[in-house]
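>>> please work out how this folds:
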Amino acid sequence: MTNEIQEIYTDQIDDPKDAMRSELDRDSLFDLAENIKQNGLINPITVRPIGKRFEVVAGHRRLSACKIAGKIKISCVVRELDDEQTFEIMAAENLERADVDPVDESIFIKNYIDKTNKSIIEVAKSLKRSVSYVQSRLIVGDMPEYMRKYLKEKELKLGVALTLMEITDEQTRELWTGMAIRDGANVAQAQYWVDGWKRQLLPGGIRSELPPDDFTPATSQPVMFECAIDGKKYDARLCKSIIVSENNLDVFYAFVSAFRIPPAESELRTGGE
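Numbering: from 1, shown residues only. A predicted model of the protein is given here:
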């Protein structure tokens, strides 16, 4: 039965049990149904036999439109496929479609991993995607419900959502997610917020649930750290961490204090040597 084309009753064909898309756009379905009424089903759908019935592998949307159009029988390519092969074909058909949202992708990939026990690297290779793509979709699966909802409704950009997931305080993350939607934040802006939040967690930092006061919408600004040596502010990307034992803090502070003394004053203290 491999690649055999058959005319199959539509009521014998079941929707895919692990569909890539959780919802099909109603308006586009009716437009497609009208086209099928006028021109017929140009490309057969692909199905696999499951007992005495069939399951859609590729063509879920076309099958739904055919049912709306009142088609009793349709042409199908019948293929003997296991779950792994089915997932790969479904991915190839759906991942390029603009109407597949990251939440549906995350569910699909999670199911794929659960069924095949493949590693992230293996999944990326099977789906012809990068490892970072697979990892990002798995992060989407771990997002709180409100973030997934905003992603599905296209109110929140994926890159912004992934950046905000670096915030571990749930109350702060939910507040800033709302602000990101309100302000139409981009990834650079979200990263600036997150960097500022991380800075507040450092020793001596002040916790705040709001983005920094100097944040300007529609611009990206570097996070500035105050250097412990000279007291000046520098781009955080240019700063390095050092480890100092508590036993040596007095020595460290004495060194910093001496370093910050203006040259003229320093010469007076040392007798002008």
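>>> contacts for stretch 135-155, please.
Contact with stretch 135-155 is made by 101-107, 109-110, 120, 156, 158, 161-162, 164-165, 170, 173-174, 177, 181, as judged by CB atoms under 8 Å, 6 or more residues apart in numbering. From N, CA and C alone the C-beta is placed, and that goes for glycine too.
>>> which of those fall within helices?
102-107, 109-110, 120, 158, 161-162, 164, 170, 173-174, 177, 181 (DSSP state H).
>>> name only those of those residues that count as buried.
Of all these considered here, the ones buried according to neighbour count by 16 or more other CB atoms under 10 Å are 102-107, 109, 158, 161-162, 164, 173-174, 177.
>>> between which two of these is the distance greatest?
In these, the most distant members under the criterion CB to CB are Ile109 and Glu174, with 24.9 Å between them.
>>> if we ignore the residues flanking it in sequence, what's nearest Asn35?
With CB to CB, 6 or more residues apart in numbering as the criterion, Asn35 has its nearest non-adjacent residue at 8.0 Å, and that residue is Ala65.
>>> can you give me the buried ones in stretch 173-189?
Neighbour-count burial for stretch 173-189, with 16+ other CB under 10 Å as criterion, is recorded at Arg173, Glu174, Trp176, Thr177, Met179, Ala180, Ala185, Asn186, Gln189.
>>> now distance to Glu145 too, for those, in a markdown table please.
As requested, the buried residues of stretch 173-189 are arranged in a markdown table below (distance: CB to CB, whole Å):
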| residue | distance to Glu145 |
| --- | --- |
| Arg173 | 13 |
| Glu174 | 11 |
| Trp176 | 16 |
| Thr177 | 12 |
| Met179 | 18 |
| Ala180 | 17 |
| Ala185 | 20 |
| Asn186 | 24 |
| Gln189 | 24 |
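>>> looking at those, which two lie furthest apart in space?
When those are compared pair by pair using CB to CB, the farthest-apart members prove to be Glu174 and Asn186, with a separation of 19.5 Å.
>>> where's the nearest residue to Thr163 once chain neighbours are set aside, which helix or strand?
Ranked by CB to CB, 6+ apart and with sequence neighbours excluded, the top spatial neighbour of Thr163 is Ala190, at 4.1 Å. Secondary structure assignment for Ala190, by DSSP states H and E: helix 187-200.
>>> mind checking how far Val100 is from Met90?
Per CB to CB, to the nearest Å, Val100 is found 11 Å from Met90.
>>> more neighbours, these two?
Set side by side, Val100 and Met90 show more neighbours around Met90, with 22 against 16, by other CB atoms under 10 Å.
>>> do I have it right that the more buried one meets Asp15?
No. At 11.8 Å, Met90 does not count as touching Asp15 under the criterion of CB atoms under 8 Å.
>>> which intervals of this protein have sub-threshold pLDDT?
Within the chain, the ranges that satisfy pLDDT under 70 run 1-2, 19-25, 94-99, 202-225, 235-241, 261-273.
>>> which residue ranges of it form strands?
Listed in chain order, the strands found in the chain under DSSP state E are 4-9, 13-14, 45-50, 53-58, 73-78, 224-226, 233-235.
>>> can you add mean neighbour count and give these back as JSON lines?
Shown next, in JSON lines, are the strands of the chain (neighbours: other CB atoms under 10 Å):
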{"stretch": "strand 4-9", "mean neighbour count": "12"}
{"stretch": "strand 13-14", "mean neighbour count": "16"}
{"stretch": "strand 45-50", "mean neighbour count": "19"}
{"stretch": "strand 53-58", "mean neighbour count": "20"}
{"stretch": "strand 73-78", "mean neighbour count": "19"}
{"stretch": "strand 224-226", "mean neighbour count": "16"}
{"stretch": "strand 233-235", "mean neighbour count": "12"}
